[in-house]
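Trainee: Quick one, structure for this:
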Amino acid sequence: MTTNAENNFTKVLQKFATEVTNKFRLQSISFNPEDQLKAPIENLLKRCGEILNLKVNVVTEVREKALSGRPDVGVAVSSLLAGYIELKAPGKGADPSKFKGDNKQQWEKFKNLSNLIYTDGNQWALYRTGERVGKIIKLSGDITSDGEDAVTDRNSQALLTLLRDFFQWKPIVPSTPKALAEMLAPICRLLRTDVLAALEDPESNLSNLAKDWRIYLFPDADNKQFADAYAQTLTYALLLARFSGAEDLSLPQAVKTIRTGHSLLADALKILGDEAAREQIEVSLNLLERIIAAIDITALAQKGNEDPWLYFYEDFLAQYDPKMRKERGVYYTPVPVIQTQVRLVAELLEKYFDAEYSFIDPKVVTLDPACGTGTYILTALKDGFDRITKDRGAGMRVAAATTAAANIHAFEILVGPYAVAHLRLTQQILSEGGTLPKDGVHVYLTDTLESPYAAVPGHLPLSLKPLGEEYKRAQKIKQDTPVLVCIGNPPYDRQQIQEDDREVEKRKGGWVRFGDNRQEIDRNQQMIAEAILQDFIEPLRQAGQLVHAKNLYNDYVYFWRWALWKVFESNQENRPGIISFITASSYLRGPGFAGMRQVMRQTFDELWFIDLEGDNLGARKTDNVFAIQTPVAIAIGVRYGKPQPEVPAKVHFTRVDGTEGEKLATLGRIDYFKDLVWKNCPTGWTDLFLPVSDTDYGKWARLTDLFPWQVGGVQFKRKWPIGESIEILKQRWKNLISARDSHLKAKLFKETRDRKISKQYRSLEENGILLPPIVNVSPDTSYVQPIRYAYRSFDRQWALLDNRLCDFARPVLFRSYSDRQVYMISLLTNVLGEGSSAVATALIADLDHFRGSFGGKHIIPLWRDAAGTQPNITHGVLATLIANLKCEVLPEDFFAYCYAILATPKYVKEFWNELETPGARIPITKDSNLFGQVVAIGRQLVWLHTYGERFIPNGMKPGKIPPGKARCKIGTPTTETDYPTEFSYDVGMQELRVGKGIFEGVRQEVYNFSISGLEVVTSWLSYRMKDGAGKKSSPLDDIRPQIWEFDNELLDLLWVLDATVDIFPQLSSLFDALLKSNLFVYSEFRQPTESERVSLAEVETELPLFNMEKYEEEEE
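Mentor: All right, here's what the predicted structure looks like:
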């Protein structure tokens, strides 16, 4: 039975259909189908509201261009925003999943709206945050031609239900802070999109506002950055107003509410919410105001015992912009980590600085230079309050809160967490009964790394003067305020420069990296004199290790250098101080951080490091206490009084291992330094921040001191010039040079900073000729000949090794290559994992050959020259061996000996802890019999691992290896339809299945053979499956093998591993025996000279060894 409302609505809907039909009968030349729906839709909505006893107001949008920033119709119920209606031309439908072009792009924006109807008049659908509510309602006829006959009673009942639901929408009040963060994120993102759209018009009010901000306050802010700052500022200022008690969330009332205590955000909100400017963002801003006004602040504040703001911004940013979250390092610190840092610093304050109440003591000035939402400063406050309450009673907390409010400072660059930190600290001080400083709590919205000497423009417009005053206050803290404790979790993000944003990215590091002189670095100038980061770089230059300086270009390194300057150098050279950071742990052991370690040893009197592990990318995977893949460590450094730069700091180290939960539980039990077992670290200025080994391992010579010249592998920076067969490389080259225009050719090529299709590059031969630019190469040009290429360990592929196609082709590697050359490849500057510690190849190798990642200068050639007349062995080493062993030792013998040592998995197992310090050391026996046996096995392994190309035994043919146990039971089909898409291994049957092919006799230890995490067989097969492994760099990567022709190569791989596995037991026994024998110590060998550590080309031509710009940006 139908109701009166439904009967009445049927008549209304029929009238709507008749109106539309009449309009479409009167089409004109300028007829716009969507515009014909506006007036009828407005009438329909108002009449429907009357039927439902609702006061409905409708505002229609006049479009200025095809892709408007607003939906067509805005609907308010009882003066409150209810939702939006987007009109489409009749026939377009109401299903955005079928849209294309502009309509599809528009949906990507509008899907963030909380209550939205799409309709073309005939179809109606309701969407909430991108999800459809119920079914799409379809009228029985066509409103453009059928009039009232287009409508049935069933149609009107269904549409009335949909519109009732639409009108009665209210924001879902989130019950948890995380739910609130996830609700606000899409609306804030929508607001950012609206701002960006408005900025496209240079004459818009928002564009004029952005110009003022750039001129006077933020000269480096591009449109995207301004839009982001605008959206987040409005969102968090309104949120702050709601949590400060505002019921009416109009912008003027919000400004008034937060003026006391949060003046910066109040001023920013007043400026950004200018009435003229907001006209262009009305849709998203109204929605934002409506949602925030509905928040139940009491319910959120009472949700459990946990601080509701603790992880709020991390949750918000994860939804709002995951990429920004990663770039800014917004992964908030687990509470047990913060508590550990705070407690240990508090112990130092009480013990050495007469501050028994730690961070609330009047003598203690604390700064968090990247405070996020303020958890460090709040935890520090709690520590002090707990101490004074225990000793003197709760009544003393009031005065202590006032003192702490004046002495605790924090910087934050992102407006969202800044607003939260400001709110939390204000609430904490006031809840203790304390008095806020006259200018509010000392949380500043500022870029910590910006020059402390930069001045605010002298003639700010009146509206911007309050922001200028805030800027001055932050600058005063940077310049003049002595800080005793600097504590926190600064961001860590190693700079990876992309071609399109290189000029912007070069600003990362700010004043620390560039100094106050912001001019571009001249190619002949190694660094800018004013930059304090230079103090970390100069020791590398002096040691001839500037090649590793690129690792210093990381946010956390900039913050470490800034903190050292602020606490110990900024107008207070003779002051004591404490710094405690949790950051990436690469500086503990990385060669690029030698200068950083030297400065830290010179600055501090004592240092403690708590290694929390957490590497999920390297060879040894461990649990992380953060949701990241980078290993981290807590550092605490203290200077007790005047500096003693001539006395290296005492350095202590400990490690907390286990699962994430176990690590956090351990940290939760730490109250004092004595609760941990510490090991002492060496005292050399640049020595690693790792404990000294208690074995003889440290007495042996380093591999890189025995073979002094190492070189990086080839780095294409594009995948398509590397392939499994010659045929696919031919096809890719043909498609590239046949591209119809330069734009397409550039896309196929994948241009980078170092390789452009329009530029000329020299061939790789010595005195190479200039090659024609790729853009000018035509299909009839001679073909680039592929070479056999060592892509991954035991994986020989093919490559177009042409200097035009390769960012870093390593000419020195190419020019020393011959049929005598052989290479030993390892991880020389990274931590090794389980399995063999080195692999051998006779081919020119890829940068990431060893394990598929973490490539660097990790290739050790046997010979320095192509003729094989100059061994890459430190002068005097062979003579020392011959004198002691009383036998001939050829360069090949010594290479084979060292290779055998590193090839046995026993090496890593035996020296697992010692190898946490990168750079293998070689136990060289003085027993000539043992030495000879190891050499023999090493020669056999080199022969096998180079697929029979090097160290060939007498009677064997080059390129041939003996058959192993594996056999091809069923050949892999060689038809396109049967090309393998997957493979599997049956442990019980010892069978490897490749598509429909079967290989039997494949032992489990062969299939599982691994090199520091690289599973050799799995990796080899994955690259050859139909879709291939690895990231795509170009459409050319889609040109893949169509016919399987790799059964023979697979058998060769399995046979090599078969023989290797069979050799390992004998090698393991020899390894045990030689460790018990009399061994050489490193002091018995001469150290290599500087000329021995570089290529012959650099020695002979005196080429400059270091190009700072290159070293900053080439990836390891």
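Trainee: Tell me where the stretch 401-550 of the chain is predicted with low confidence.
Mentor: 456-464, 494-507, 517-529 (pLDDT under 70).
Trainee: all helices for it, in order.
Mentor: 415-431, 465-480, 502-505, 510-514, 534-542 (DSSP state H, counting those that start in this stretch).
Trainee: Distance to residue 561 and mean neighbour count for these - can I get that in TSV?
Mentor: C-betas here are computed from N, CA, C, even on glycine. Shown next, in TSV, are the helices of the stretch 401-550 of the chain (distance: least, Cβ to Cβ, whole Å; neighbours: other Cβ atoms under 10 Å):
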stretch	distance to residue 561	mean neighbour count
helix 415-431	23	24
helix 465-480	14	17
helix 502-505	19	12
helix 510-514	5	23
helix 534-542	6	19
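Trainee: Out of these, which gets nearest to residue 129?
Mentor: helix 415-431 (20.1 Å; Cβ to Cβ).
Trainee: Let me see the ranges of the strands in the stretch 301-450 of the chain.
Mentor: 366-368, 408-412, 442-445 (DSSP state E, counting those that start in this stretch).
Trainee: Convert the C-alpha atoms of the longest one to PDB, please.
Mentor: Once non-C-alpha atoms are left out, strand 408-412 reads as follows in PDB (Å, rounded to 0.1, in the frame of the first residue of the first chain):
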ATOM      1  CA  ILE A 408      60.300  23.600  27.000                       C
ATOM      2  CA  HIS A 409      60.500  24.400  23.300                       C
ATOM      3  CA  ALA A 410      59.500  22.500  20.200                       C
ATOM      4  CA  PHE A 411      59.700  23.000  16.400                       C
ATOM      5  CA  GLU A 412      57.500  21.400  13.800                       C
END
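Trainee: what's it packed up against?
Mentor: The contact analysis (3 or more Cβ pairs under 8 Å, 6 or more residues apart in numbering; DSSP states H and E) places strand 408-412 against strand 366-368, helix 375-392, helix 415-431, strand 442-445, helix 465-480.
Trainee: Equivalent analysis for the last one, please.
Mentor: Helices and strands touching strand 442-445, as assessed by 3+ Cβ pairs under 8 Å, 6+ apart, comprise strand 408-412, helix 415-431, helix 465-480.
Trainee: With distance to residue 140 added, can I get these in JSON lines?
Mentor: Below are the helices and strands packed on strand 442-445 laid out as JSON lines (distance: least, Cβ to Cβ, whole Å):
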{"stretch": "strand 408-412", "distance to residue 140": "59"}
{"stretch": "helix 415-431", "distance to residue 140": "50"}
{"stretch": "helix 465-480", "distance to residue 140": "60"}
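Trainee: Of all these, which one comes closest to residue 987?
Mentor: Nearest to residue 987, of all these, is helix 415-431, at 50.6 Å by Cβ to Cβ.
Trainee: dump the residue contacts of residue 572.
Mentor: Counting by Cβ atoms under 8 Å, 6 or more residues apart in numbering, residue 572 makes contact with residue 482.
Trainee: got the contact list for residue 958?
Mentor: By Cβ under 8 Å, 6+ apart, residue 958 lies in contact with 948, 949, 952.
Trainee: Restricted to strands, list those residues.
Mentor: Applying DSSP state E to these, no entry is found in strands.
Trainee: Kindly reformat those residues as a markdown table and extend each row with distance to residue 161 and pLDDT.
Mentor: Formatted as a markdown table, the contacts of residue 958 follow (distance: Cβ to Cβ, whole Å; pLDDT from 0 to 100):
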| residue | distance to residue 161 | pLDDT |
| --- | --- | --- |
| 948 | 77 | 97 |
| 949 | 77 | 97 |
| 952 | 83 | 96 |
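Trainee: coming back round to it: nearest to residue 538, of the helices and strands packed on strand 408-412?
Mentor: Closest among the helices and strands packed on strand 408-412, once you apply Cβ to Cβ, is helix 465-480, at 24.0 Å.
Trainee: Does anything pack onto that closest one? Which helices or strands?
Mentor: Secondary-structure packing of helix 465-480 (3+ Cβ pairs under 8 Å, 6+ apart): helix 263-272, strand 408-412, strand 442-445.
Trainee: on that earlier part again, mind checking which of the helices and strands packed on strand 442-445 is nearest residue 589?
Mentor: Here strand 408-412 is closest among the helices and strands packed on strand 442-445 (Cβ to Cβ), at 29.3 Å.
Trainee: Tally up the residues packed near residue 854, please.
Mentor: Per other Cβ atoms under 10 Å, the neighbour tally for residue 854 reads 20.
Trainee: Revised request: answer the last question for residue 741.
Mentor: 9.
Trainee: again, but for residue 696
Mentor: For residue 696, using other Cβ under 10 Å, the count is 13.
Trainee: Can you give me the distance of it to residue 703?
Mentor: Distance from residue 696 to residue 703, counting by Cβ to Cβ, to the nearest Å: 16 Å.
Trainee: just residue 204 next, same as before
Mentor: 63 Å.
Trainee: Who has more neighbours out of these two?
Mentor: residue 703 (22 against 18).
Trainee: Leaving out chain neighbours, which residue sits closest to that one?
Mentor: residue 920 (4.7 Å; Cβ to Cβ, 6 or more residues apart in numbering).
Trainee: That neighbour reaches residue 700, doesn't it?
Mentor: No: look at residue 920 against residue 700 with Cβ atoms under 8 Å: they stay out of range, at 9.3 Å.
Trainee: got any residues that touch both of the two?
Mentor: Joint contacts of residue 920 and residue 700 (Cβ under 8 Å, 6+ apart) do not exist.
Trainee: circling back to that earlier point, show the pLDDT at the residue nearest to residue 703.
Mentor: Predicted confidence (pLDDT) for residue 920: 94.
Trainee: sorry, back to before: could you dump the helices and strands packed on strand 408-412 to a markdown table with distance to residue 232?
Mentor: Converted to a markdown table, the helices and strands packed on strand 408-412 look like this (distance: least, Cβ to Cβ, whole Å):
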| stretch | distance to residue 232 |
| --- | --- |
| strand 366-368 | 20 |
| helix 375-392 | 19 |
| helix 415-431 | 5 |
| strand 442-445 | 11 |
| helix 465-480 | 15 |
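Trainee: can you tell me which of those comes nearest to residue 167?
Mentor: helix 415-431 (32.8 Å).
Trainee: Show me what the closest one is packed against.
Mentor: In terms of contacts (3+ Cβ pairs under 8 Å, 6+ apart), helix 415-431 is packed against helix 223-243, helix 263-272, helix 312-320, helix 375-392, helix 397-407, strand 408-412, strand 442-445.
Trainee: Need those in JSON lines (columns: mean neighbour count and distance to residue 161).
Mentor: What follows is the helices and strands packed on helix 415-431, written out as JSON lines (neighbours: other Cβ atoms under 10 Å; distance: least, Cβ to Cβ, whole Å):
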{"stretch": "helix 223-243", "mean neighbour count": "24", "distance to residue 161": "33"}
{"stretch": "helix 263-272", "mean neighbour count": "22", "distance to residue 161": "40"}
{"stretch": "helix 312-320", "mean neighbour count": "23", "distance to residue 161": "31"}
{"stretch": "helix 375-392", "mean neighbour count": "20", "distance to residue 161": "47"}
{"stretch": "helix 397-407", "mean neighbour count": "20", "distance to residue 161": "56"}
{"stretch": "strand 408-412", "mean neighbour count": "26", "distance to residue 161": "48"}
{"stretch": "strand 442-445", "mean neighbour count": "25", "distance to residue 161": "48"}
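Trainee: The ones you listed: which one's closest to residue 555?
Mentor: strand 408-412 (13.6 Å).
Trainee: quick one on the thing from earlier: what's the burial count for the residue nearest to residue 703?
Mentor: Neighbours of residue 920 under the rule other Cβ under 10 Å: 24.
Trainee: Quick check: phi and psi on it?
Mentor: Note on residue 920: its backbone torsions stand at phi -70, psi 150 [degrees, to the nearest 10].
Trainee: Use 4 as the first number for this chain going forward.
Mentor: Okay, residue one is now 4; in that scheme the one you just asked about reads as residue 923.
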